[in-house]
Every structure is written in structure tokens, then in C-alpha cells.
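Peer 1: following is a predicted model, sequence given first.
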Amino acid sequence: MTTARHARYALRTAVALVSAAVLATTGYSWAVYQEVSDGLVTSEALGEQAPAGLDEEFTALLVGIDSRTDAAGNPLPPEVLEQLRAGVDEGQFNTDTLILLHVPAGTEGSASAVSIPRDSFVEIAGDLGRHKINAAYRRGMRAAEAELVARGLTGAALERASREAGRETLVDTVEELTGLRVDHFAEINLAGFVEITDAIGGVPVCLNNAVSEPRSGIDLPAGTQVISGGDALAFVRQRRDLPDGDLDRVTRQQAFLAGLARSALGSGALADPARVERLVGAVTRYVVLDRGWDLDRLVAQLRRASGGDIAFRTIPTGRPDLRTPVDGVAVEVDPDAVRAFVAEAFGEGGVRERPAAPSTAAAAGPTTVRTTPVPLGPAATTTTAGATPPTTTQRPITAATVPCVD
């Protein structure tokens, strides 16, 4: 099994959204492909920018969100919430997973993925102050609500429009932190994660030690094992009782995505019509893609990324116990160090200013307007005086093996 084939499937399955691409290439049936295309929920979070061409490099922001609703904003039923074992709702619309996936132009380059820890303390776009980055989506929603209500929006329409504002705030925040232009956006929630891992028959992971932690619901032995459903969700969500907290959780997520690639490739799950049908249902109910990422374009773009094995890295971080005035303990980051890191990881071609463009929320008209291109010089936020300089010591995680993690 070649490294190139690992890379293709790693890309197609990252954060589950790429399940749609896998469906389109299994040869199951055109009817299934069309069902996914017609049923997908799309977002206007990237505004009116033209999507990257089929032969051009692109950067996608992949988001895992702590939401108790489906992609259309409908509340999850109690039996689904019980299956999630997600515990206490610590805040709707917090983003527990943030990964930037960069695919270079042509067919020879290797794709790269960079994680942003959810507790990174950053400037939130839209003058919303310094907070943990996982709150950018929620704070963007809340900031837009008054204006949307004044327009007369209520109920489901208000929910859709405010979520679009939240997505836009998150994208802007990531762009300002990294100096990157986000070309594509994808979002999946807790229930979608569980259903997709069930549909493919589980994911191989490896734990250095047995772990049992009630808040996340995890209770797994040490060693290599195959997990799915609620166990898989607990595996990627746990951060308490881990040596490095949120940073260890990021490593778990990366190891899981690498295992997801191997599982989809080696188990034959995607040749099973019944499993593909379950996958279709999960993708259409729980995945949100930007308007420009239709399946034809997504598949064509991801097929190019076959020159080498995808590597998962994490942005450089400083103190993991940074005391903040509003958000408790956070992870310290230096925007200058982050920008230098992603420029090296993705290549200088991946660092591009984004043209200003108006954005329109689905079924609600515009929510906000992008008026400032992404700054590429020194950022306004800096590390706390006397703090530990940002460092990155993590080895890249790839899809070539099953890495053992804490």
C-alpha cells in the first residue's frame, strides 16, 4: 500500500467532511452521489470570493463544533444526545477542533495539516476582544443577533443567519492569526462525528496508558484498538487528566484522523452499499461546506494531493496555563510565530491576502461586510511580558502508522 494512496484517503476523510468525496469516488452509484450533492447544507462564510481553481493550491479550514443541533439548525433528539455521551453543555457552538488543510498546486506536492488548539488566546475578529479561539464562532453569532432581530428575523431564519455570522467571525479570526487566506470551509458537529465513525466500522487508535475520565465519558484500555461512536467522540474530546491538557487533545485528534484514513482504506467499508448509505445520511444531516466546495470541485482538488503522506502539525504555543482576565486559563500564542510557522509548513505561496468582499447569509441577506484584507505584518497581539517563548516540539503525525498517544 503506497504512501500516495494513504495521502489520498487521509485527505478525503479528514474531519469527516471528506466522506462526501469518498462517496463520489467509490463507484457506488450516481444516485447516491447526487443525493449528497443535493442534500448538503452550504455556507456563505467566505463571502463572494471566487473558489480556488481545480489546478490551484488551496487552504481549507476544517471545524469540529460542539453543537446540539444538526447542520440545518434543528435540535438533536434526546436519544441522540444520550448516545453522544457529550456531558454537560459547556457552551453551544464552541469549536473543539480547528485544522487548516493545505493542498499544493499540481500532483507532486504533499498536503499539510496544521491544528490550532481550541484554548489559544487570540484577538477575535470584529473587535470582539481577546478570548480563546474556540469562542470566536459563538461570539460572532451573539454580536450579530441584535442587528438580525432588528431586521425582523426570528426562529429558524435567525438561527441560520446568526450561525453564518459566527462562521464568518471564525474564518476572519483564523485568517488574522495565521496570515492565510481560507479558500474553503467545512464544519461537522458531534452527532455527525459519531455517525460517520460508526458507518465506516470504527477507527484504529493506540493509547500509551489505560484511561477513564467521567467528564468526557472515555473508558478505554492501553494499546491498539478500534473505536467508534461515543468511544471515538470521547477519545478526541478528553482534555482533563491529560499531562498537557488541550495540547494532548490536539494530538489525539490528529492521531484519530490518521487512523480514520487507514480505516476507510483498508476495511472495505466504502465498498459496502449499506455503509455508504449511512455515510450519505450523516454527511447530509451534519456537514456544512462553503458554497464553492461542491462535490465535483472537492473531488478534483483532493485527487491532486497524491505526492506524499499528509503530515499533521500544531501551531507553536507558549504557556499552556496562561491566566486571562475573562476566560480563565488559556494557551498562549504569538501571532508572529504562528505566521512564520504556517508559512514554512504550507510554503510561502500559501500565505496570501484575501480580497475584501461582501458576505450574504443564507435566506437572510448580508450579515456583515469584510472591509479589511488579512494583515501580513506584525499582529496587534503579542505574548505576555516574561512569558515562555513559543516552542514546537511535536513530531508530525502521519497516516503511515498507528501512533500511540496519551
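Peer 2: Sure thing, it's come through. Numbering: from 1, shown residues only.
Peer 1: helix or strand next in line after the helix or strand of the chain with the lowest mean pLDDT, which one?
Peer 2: Across the helices and strands of the chain, mean pLDDT, DSSP states H and E gives its lowest value to strand 365-369, namely a mean of 31. Next along the chain after strand 365-369, taking DSSP states H and E as the criterion, comes strand 397-398.
Peer 1: elements contacting that next one?
Peer 2: Judged by 3 or more Cβ pairs under 8 Å, 6 or more residues apart in numbering; DSSP states H and E, strand 397-398 is in contact with helix 246-266, strand 311-314. Every residue, glycine included, has its C-beta placed from N, CA and C.
Peer 1: what sits up against the next helix or strand after that strand?
Peer 2: Using DSSP H and E, the helix or strand that follows strand 397-398 in sequence is strand 404-405. Where contact means Cβ atoms under 8 Å, 6 or more residues apart in numbering, the residues beyond strand 404-405 that reach it are 205, 206, 207, 208, 224, 248, 251, 252, 255.
Peer 1: between the helices and strands packed on strand 397-398, which one is nearest to residue 64?
Peer 2: Closest approach to residue 64 among the helices and strands packed on strand 397-398 is made by helix 246-266 (7.9 Å; Cβ to Cβ).
Peer 1: could you dump the helices and strands packed on strand 397-398 into TSV with mean pLDDT and distance to residue 42 added?
Peer 2: Shown next, in TSV, are the helices and strands packed on strand 397-398 (pLDDT from 0 to 100; distance: least, Cβ to Cβ, whole Å):
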stretch	mean pLDDT	distance to residue 42
helix 246-266	77	23
strand 311-314	88	27
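Peer 1: do you know how far residue 126 is from residue 170?
Peer 2: Note on residue 126: its distance to residue 170, by Cβ to Cβ, to the nearest Å, is 11 Å.
Peer 1: next: residue 259.
Peer 2: Residue 259 is 26 Å from residue 170, by Cβ to Cβ.
Peer 1: quick check: end-to-end length of stretch 150-158?
Peer 2: 11 Å (Cα to Cα, to the nearest Å).
Peer 1: list the buried residues of it.
Peer 2: Buried positions in stretch 150-158, judged by neighbour count with 16 or more other Cβ atoms under 10 Å: 153, 157, 158.
Peer 1: hang on, the first one in a helix?
Peer 2: No - looking at residue 153 with DSSP: H, G, I helix; E, B strand; the rest coil, it is coil, so not inside a helix.
Peer 1: was I right to think it contacts residue 161?
Peer 2: Yes - using Cβ atoms under 8 Å, residue 153 makes contact with residue 161 at a distance of 5.7 Å.
Peer 1: quick check on residue 215: phi, psi?
Peer 2: phi -60, psi -40 (degrees, to the nearest 10).
Peer 1: swap in residue 132?
Peer 2: phi -60, psi 140.
Peer 1: ok so, going back, ok, which of the helices and strands packed on strand 397-398 comes nearest residue 75?
Peer 2: Across these, closest to residue 75 is helix 246-266 (Cβ to Cβ), at 25.8 Å.
Peer 1: so after the closest one, what's the next helix or strand?
Peer 2: Taking DSSP H and E, what comes next after helix 246-266 is helix 273-286.
Peer 1: picking up where we left off before, of residue 259 and residue 170, give the one with the bigger neighbour count.
Peer 2: residue 170 (31 against 28; other Cβ atoms under 10 Å).
Peer 1: so that one touches residue 94, yeah?
Peer 2: No - Residue 170 lies out of contact with residue 94 (Cβ under 8 Å); the separation is 10.7 Å.
Peer 1: give me the common contacts of these two.
Peer 2: By Cβ under 8 Å, 6+ apart, the residues touching both residue 170 and residue 94 are residue 137.
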